[in-house]
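1. Build the 3D model from these lines:
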Amino acid sequence: MIDLTPSNAVAQSMVRTNGTVIDVVGNYNWTLSPMTGELNTLIPRILLREYQQTTSSLTQATSYFTTNANSVITQAHGQAAAHYSGSNQTDDVAYNGLYDPAYNPATGFVYIFPYFSENYFNVQSSWTSFDGIEKLGSAIRGVGEFLGGGDIVNPIMNMAEGSIGVAEFAAGVIYPKSGFIDKPYIWSEISKESITISFYLFNTIDISGDEIAKNWQLCNQLTYQNLYAKVSFVTAYPPVFYSVHIENQYHSKASYVSNLKISNVGNIRRMNLNGNNSYFYNIPDAYLINMTLTEMLMPSRNLLNLIYGGLDSQQIVTSTLATKSP
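-> Predicted coordinates:
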C-alpha cells in the first residue's frame, strides 16, 4: 500500500523528483474503455513540462530587455527599427532570454494528459488607428527615447507633424465638417490563447487501494503546485508554469494555469488507504479534472512553426529528463 499519512502526503507533493514523467494516458484509469493494443497509441496527448520561478520578475525583465535593447539599437543605425528581427520566423531565437531557465528552473515533472478538444486554432488580432498627432507623437517619442534620443526622434517627428497638419487643414477647408479622414491603422496585438484540459480519474476500476491512492496524489500535486508558497512576511514563490506541446497542433513556451477545478463525481465514501485506521479520505467514484492554461506570450509565426518542427512526445520527455534541475 502507498503510505498516505498527512505528513508523508504533503512531503510527497513537495518533493521535486528529477525526471518524473506522470503519464496519465498510459498509467492511470482515466477511461472505462480497455487501453490495449493500438488504441493506446491513437489517443491524442498534451504534454506539460513544469517550471518554477525562483528569481524576481524585475531581475528577469531587466536582464531580458537590456540584452535585447543593445541588439535593437545596433540594428537601428543601419535599418528601420520597425523592420528589425533577430529571428528568421522559423525558430524561437527572438525569445532567447525570456523565461530563462536560469531564473525559472524545471521542477523535473512532465505530465502527459489525454487531450480531446473541439478547438484547433483561434487567432484574434487587434489593429488600432493613430487618432491625431498626440498619439503618434507619443509613440514616436517613446521609440526614439528607447533607440537613443533626439537625433532619431526629431526628424521623424517634424515630418509627421507636417504631414498630419496639412491633411487636417485640407479637410477643414474642403468639407463642412472635419473628421472623415481615413487614418492609418497599426497592428496592436494578437490575443493570448487559452486551452482547456479535461479528463476523469476513476476510482472504481481497481479498488485495491493503490490506484485510488495514485489518483488522490495526482489531484493533490496539481493543486499544490498551482498554489503560491509564502516564504516570509513579504515574499513568496508563485505557482508553477508550463511549456505546453500537442504534437502537430499546438506549442506554448510558457503558460500558467488560470483555472484548476477538481470535482468529485458519483458517490463519496470514506476510505483508509494506508492501513492506519487513524486516517481516512473522502474518495468519490471518480475525479473530474479541468485545467485552463493561458499563454504568457502572444502567438506568433515562430511558435506556430515549432509545432511542425519535428517535435514529438518522446523528444519532449527525453529533453526534460536530460535537462532536469537539481
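2. burial count for the closest residue to residue 194 other than its chain neighbours?
-> Counting by CB to CB, 6 or more residues apart in numbering, residue 194 lies nearest to residue 294, which is 4.5 Å off, once chain neighbours are set aside. The C-beta positions use only the backbone N, C-alpha and C, and glycine is treated the same way. Residue 294 has 15 neighbouring residues, counting by other CB atoms under 10 Å.
3. Enumerate the beta-bridge partners assigned to residue 294.
-> residue 194, residue 256 (DSSP bridges).
4. That one against residue 256, yeah?
-> Yes - Residue 294 is within contact range of residue 256, at 6.0 Å (criterion: CB atoms under 8 Å).
5. partners of the helix or strand that contains residue 108, with directions?
-> Under the criterion of DSSP states H and E, residue 108 resides in strand 106-114. Paired strands of strand 106-114, with direction, are strand 20-23 (parallel), strand 45-51 (antiparallel) (DSSP bridges).
6. Show me the helices in this protein, by range?
-> 6-14, 24-27, 38-41, 57-76, 133-147, 150-174, 210-225, 301-307, 313-322 (DSSP state H).
7. Please read off the pLDDT at residue 258 from the model.
-> Note on residue 258: pLDDT of 96.
8. where's it relative to residue 299, distance?
-> Residue 258 is 16 Å from residue 299, where distance means CB to CB, to the nearest Å.
9. Show me which of the two is the more surrounded one.
-> residue 299 (20 against 13).
10. Excluding residues flanking it in the chain, which one is nearest residue 189?
-> According to CB to CB, 6+ apart, the nearest residue to residue 189 is residue 126 (5.2 Å).
11. who are the neighbours in contact with that neighbour?
-> Applying CB atoms under 8 Å, 6 or more residues apart in numbering, we find residue 126 in contact with 187, 188, 189, 190, 191.
12. just curious, which of those is nearest to residue 109?
-> Comparing the contacts of residue 126 against residue 109 with CB to CB places residue 191 closest, at 28.7 Å.
13. dump the residue contacts of the closest one.
-> Residue 191 touches 124, 125, 126, 298, counting by CB under 8 Å, 6+ apart.
14. Turn the residues you listed into CSV, columns for pLDDT and distance to residue 290.
-> Putting the contacts of residue 191 into CSV (pLDDT from 0 to 100; distance: CB to CB, whole Å) gives the following:
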residue, pLDDT, distance to residue 290
124, 87, 23
125, 88, 28
126, 87, 28
298, 89, 25
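15. List just the nearest of those to residue 112.
-> For the contacts of residue 191, the nearest to residue 112 is residue 298 (26.5 Å; CB to CB).
16. Which residue is the nearest non-sequential neighbour of the closest one?
-> With CB to CB, 6+ apart, the residue lying closest to residue 298 is residue 190, at 4.9 Å.
17. and the residue nearest to residue 111 when sequence neighbours are not counted, how far is that from residue 184?
-> With CB to CB, 6+ apart as the criterion, residue 111 has its nearest non-adjacent residue at 4.3 Å, and that residue is residue 48. Per CB to CB, residue 48 is found 41 Å from residue 184.
18. the more surrounded of those two?
-> Neighbour count, other CB under 10 Å: between residue 48 and residue 184, residue 48 has more, with 24 against 9.
19. hang on, the more buried one packs against residue 107?
-> No - under the criterion of CB under 8 Å, residue 48 makes no contact with residue 107, lying 10.9 Å away.
20. Pop the domain breakdown of the protein in here.
-> Annotated domains of the chain cover 6-54+104-119+193-322, 126-188 [automatic domain parsing].
21. And the helices of the chain, which one averages the lowest pLDDT?
-> Of all the helices of the chain, helix 6-14 has the smallest average pLDDT, which comes to a mean of 39.
22. Report the contact partners of the closest residue to residue 205 other than its chain neighbours.
-> Once flanking residues are discounted, residue 205 sits nearest to residue 29: 4.4 Å by CB to CB, 6+ apart. Counting by CB under 8 Å, 6+ apart, residue 29 touches 201, 202, 203, 205, 206, 211, 215.
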